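> requesting a structural model of the entry that follows:
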Amino acid sequence: MGNGEWDIDDYLEKLWPHVPEQLTLSFSKASTQKILTADVTTQQLEESYIVMAKVVNTYGERYLPIFERLLEEKENRENKRKLLATALEASKAIPEPQC
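Below is the predicted model of the structure:
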């Protein structure tokens, strides 16, 4: 367009306020529920870890602390499992006491 004219359709997208997609209300409320760590299975933890990775990828780094917490819990459980396995192996090296 010449002569100082402009087409509103060309600028509408630039002028229209961008509203990012919001999380569902059920998801938002679910984050306020208290769940004991002991009640969370390893499978639930793995699934939550993957879901939060997708949430961070889709909605941005403001959800990174949740992802980080899930990663820490995953690593803690893996370290505990390895430590228990090491203790079991070490206990086999010591003969059982004779009573």
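> what pLDDT does residue 52 get?
With respect to pLDDT, residue 52 scores 93.
> neighbours of it, how many?
The tally of other residues near residue 52 (other CB atoms under 10 Å) stands at 19. For the C-beta atoms, the positions are set from N, CA and C on the backbone; glycine is no exception.
> what's near enough to touch the closest residue to it other than its chain neighbours?
Leaving out its chain neighbours, the residue that sits closest to residue 52 by CB to CB, 6 or more residues apart in numbering is residue 67, at 4.3 Å. Contacts for residue 67 (CB atoms under 8 Å, 6 or more residues apart in numbering) come out as 49, 52-53, 55-56.
> isn't residue 64 right up against residue 53?
No: using CB atoms under 8 Å, residue 64 is not in contact with residue 53, being 10.1 Å away.
> picking up where we left off before, which one of the contacts of residue 67 is nearest to residue 90?
Set against residue 90, the nearest of these by CB to CB is residue 49 (30.5 Å).
> hmm, that closest one is touching residue 69, no?
No: in this structure, residue 49 is not within contact of residue 69 by CB under 8 Å, at 9.9 Å.
> more neighbours: which of the two?
residue 49 (16 against 13).
> state the distance from the more buried one to residue 95.
Distance, residue 49 to residue 95, by CB to CB, to the nearest Å: 42 Å.
> and for residue 55?
Applying CB to CB to residue 55 and residue 95 gives a distance of 52 Å.
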